[in-house]
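[1] following is a predicted model, sequence given first.
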Amino acid sequence: MTATTGAAEFRELYRRLRRDRPDGALAELTPRRVAAAAREVRSGLRVSLAAPVETRPGPDNPEPAVHRMTGAVAGRLPAEGLDFARDRVAMNVHGDADSHLDALCHVVYDGTLYGGVDADTLTTDGARALSVDLVRDGIVGRGVLLDIPRLRGVPWLEPGDQVGAGELAEAEAVQGVRVGPGDLLFVRVGHRLRRAEHGPWDAAAARAGLHPGAMEFLAERRVAVLGSDGNNDTAPSRTEGVAFPVHVLAVHAMGLHLLDYLQFEDLVPHCAREGRWSFLCVVAPLRLPHATGSPVNPIAVL
């Protein structure tokens with residue numbers, strides 16, 4: 001799907017999708033739905049949906065995470081007595097390689113944040129509103145994986161390709177699953193597999209993602225969280241005047257927390273073998289009270 005979206009069309013789509021709830025789309029993730037999600041567990045198998053943190057620079061990761069050993073290592077170990085191995089990690093949370101969660105303060109659009117919150121709440125000391133602290137108790141619910149390359153009969157979507165609402169519905173039908181209120185929706189485009197096979201590329205300039213119109217599917221189904229193995233947006237953008245239309249619609253209009261650059265290659269074989277594409281999912285961001293996002297390791301429990 002390669003359709004473009006005009007500026008006026010995008011504004012109208014934004015208007016239709018806009019919601020103003022204090023907790024955003026997580027309001028759909030009620031305690032009753034969390035309890036129901038626990039019934040998805042049958043085998044007890046646990047699968048990570050995160051990619052290993054990258055510490056080497058590449059075309060999609062010019063500022064990789066920095067990992068330094070600060071304690072006991074070979075060459076400076078004590079001859080006797082006690083010592084500790086220690087380390088320090090620093091990273092760019094919103095890069096194009098590492099798995100991360102976008103908080104509701106991440107997207108600034110027309111001078112505001114989600115819900116009309118003034119963007120001046122973003123300070124050099126951190127975000128004073130809508131930070132990742134909103135999800136300090138974690139996100140737990142029913143995860144649903146829609147595998148678009150599987151639907152198309154290809155290993156991955158090529159950079160620049162878009163996934164529309166119709167394909168999401170078609171993937172549901174083929175996979176025998178239905179996305180419902182409070183679900184954590186994961187859309188596989190095959191970004192990680194393509195990267196593993198061909199090596200990293202400049203994903204900021206070229207990547208597969210969702211068409212902005214696909215967000216109407218999420219609104220209709222009252223999804224609580226959206227995640228992908230890309231960053232959910234297509235590059236280059238085909239929306240006039242907006243470089244990240246899905247981010248604007250999801251985070252700024254709908255109050256959806258996004259999970260970017262996950263990896264589903266470990267999960268897909270299990271789902272295919274068991275013939276089911278839903279599972280309990282546990283997402284636990286770091287306690288970073290004023291941050292715009294967090295590295296994250298979502299766990300699927302089948």
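    Noted; the coordinates are in hand.
[2] isn't residue 159 up against residue 235?
    Yes: with contact defined as Cβ atoms under 8 Å, residue 159 counts as touching residue 235 (7.2 Å). C-beta here means a position set from N, CA and C on the backbone, and glycine is covered the same way.
[3] how near is residue 177 to residue 145?
    Note on residue 177: its distance to residue 145, by Cβ to Cβ, to the nearest Å, is 8 Å.
[4] what is in contact with residue 159 and residue 235 at once?
    Common contact partners of residue 159 and residue 235 (Cβ atoms under 8 Å, 6 or more residues apart in numbering): 203, 206-207.
[5] who wins for neighbours among the residues you listed?
    The most neighbours of any of the shared contacts of residue 159 and residue 235, using other Cβ atoms under 10 Å, belong to residue 207, which has 29 neighbours.
[6] where do the helices sit along the stretch 51-200 of the chain?
    Ranges of helices in the stretch 51-200 of the chain, per DSSP state H, counting those that start in this stretch, are 148-152, 165-175, 191-198.
[7] just the stretch 201-302 of the chain next, same as before
    Assigned by DSSP H, counting those that start in this stretch, the helices in the stretch 201-302 of the chain fall at 215-221, 245-247, 268-274.
[8] and the last one, what other elements does it pack with?
    If I follow you right, that is helix 268-274. Packing contacts for helix 268-274, counted by 3 or more Cβ pairs under 8 Å, 6 or more residues apart in numbering; DSSP states H and E, involve strand 139-147.
[9] list the pairing partners of the strand it packs on within its sheet, with orientation.
    Using DSSP bridges, the strands paired with strand 139-147 are strand 184-188 (parallel), strand 278-283 (antiparallel).
[10] tell me the most buried of those strands?
    Sort those by mean neighbour count, taking mean count of other Cβ atoms under 10 Å, and strand 184-188 sits at the top with a mean of 27.
[11] please export the C-alpha coordinates of that strand as PDB.
    C-alpha atoms of strand 184-188 as PDB (Å, rounded to 0.1, in the frame of the first residue of the first chain):
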ATOM      1  CA  LEU A 184      -2.000  -4.500  23.200                       C
ATOM      2  CA  LEU A 185      -1.800  -4.700  19.400                       C
ATOM      3  CA  PHE A 186       1.600  -5.700  17.900                       C
ATOM      4  CA  VAL A 187       2.000  -5.400  14.100                       C
ATOM      5  CA  ARG A 188       4.900  -7.200  12.500                       C
END
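[12] contacts for that strand?
    For strand 184-188, using Cβ under 8 Å, 6+ apart, the contacting residues are 49, 139, 141-150, 163, 168, 179, 210, 218, 221, 223-229, 232, 259, 262, 264, 268, 281, 283.
[13] buried residues in stretch 85-102?
    By 16 or more other Cβ atoms under 10 Å, the buried positions in stretch 85-102 come out as 91, 93, 95-102.
[14] for those residues, give me JSON lines that also has distance to residue 63 and pLDDT.
    JSON lines is the format used below for these (distance: Cβ to Cβ, whole Å; pLDDT from 0 to 100):
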{"residue": "91", "distance to residue 63": "8", "pLDDT": "95"}
{"residue": "93", "distance to residue 63": "11", "pLDDT": "96"}
{"residue": "95", "distance to residue 63": "7", "pLDDT": "96"}
{"residue": "96", "distance to residue 63": "10", "pLDDT": "97"}
{"residue": "97", "distance to residue 63": "10", "pLDDT": "97"}
{"residue": "98", "distance to residue 63": "10", "pLDDT": "98"}
{"residue": "99", "distance to residue 63": "16", "pLDDT": "98"}
{"residue": "100", "distance to residue 63": "13", "pLDDT": "98"}
{"residue": "101", "distance to residue 63": "19", "pLDDT": "98"}
{"residue": "102", "distance to residue 63": "18", "pLDDT": "98"}
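[15] which ones among those are found in strands?
    100-102 (DSSP state E).
[16] wait, which of the buried residues of stretch 85-102 is closest to residue 115?
    residue 102 (15.3 Å; Cβ to Cβ).
[17] show me what contacts residue 13?
    So residue 13 contacts 5, 212-213, 215-216, 249 (Cβ under 8 Å, 6+ apart).
[18] among the residues you listed, which ones are buried?
    With burial judged by 16+ other Cβ under 10 Å, the buried subset of those is 5, 212-213, 215, 249.
[19] could you export whichever strand or helix holds residue 11 as PDB, CA atoms only?
    Residue 11 belongs to helix 7-17 when assigned by DSSP states H and E. The C-alpha atoms that make up helix 7-17 are tabulated as PDB, following Å, rounded to 0.1, in the frame of the first residue of the first chain:
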ATOM      1  CA  ALA A   7      -2.700  17.800   4.700                       C
ATOM      2  CA  ALA A   8      -6.500  18.500   4.900                       C
ATOM      3  CA  GLU A   9      -7.200  14.800   4.900                       C
ATOM      4  CA  PHE A  10      -4.800  14.200   7.800                       C
ATOM      5  CA  ARG A  11      -6.200  17.100   9.800                       C
ATOM      6  CA  GLU A  12      -9.700  15.600   9.500                       C
ATOM      7  CA  LEU A  13      -8.400  12.200  10.500                       C
ATOM      8  CA  TYR A  14      -6.700  13.800  13.500                       C
ATOM      9  CA  ARG A  15     -10.000  15.500  14.500                       C
ATOM     10  CA  ARG A  16     -12.000  12.200  14.300                       C
ATOM     11  CA  LEU A  17      -9.500  10.300  16.300                       C
END
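[20] please consider this matter closed, and thank you.
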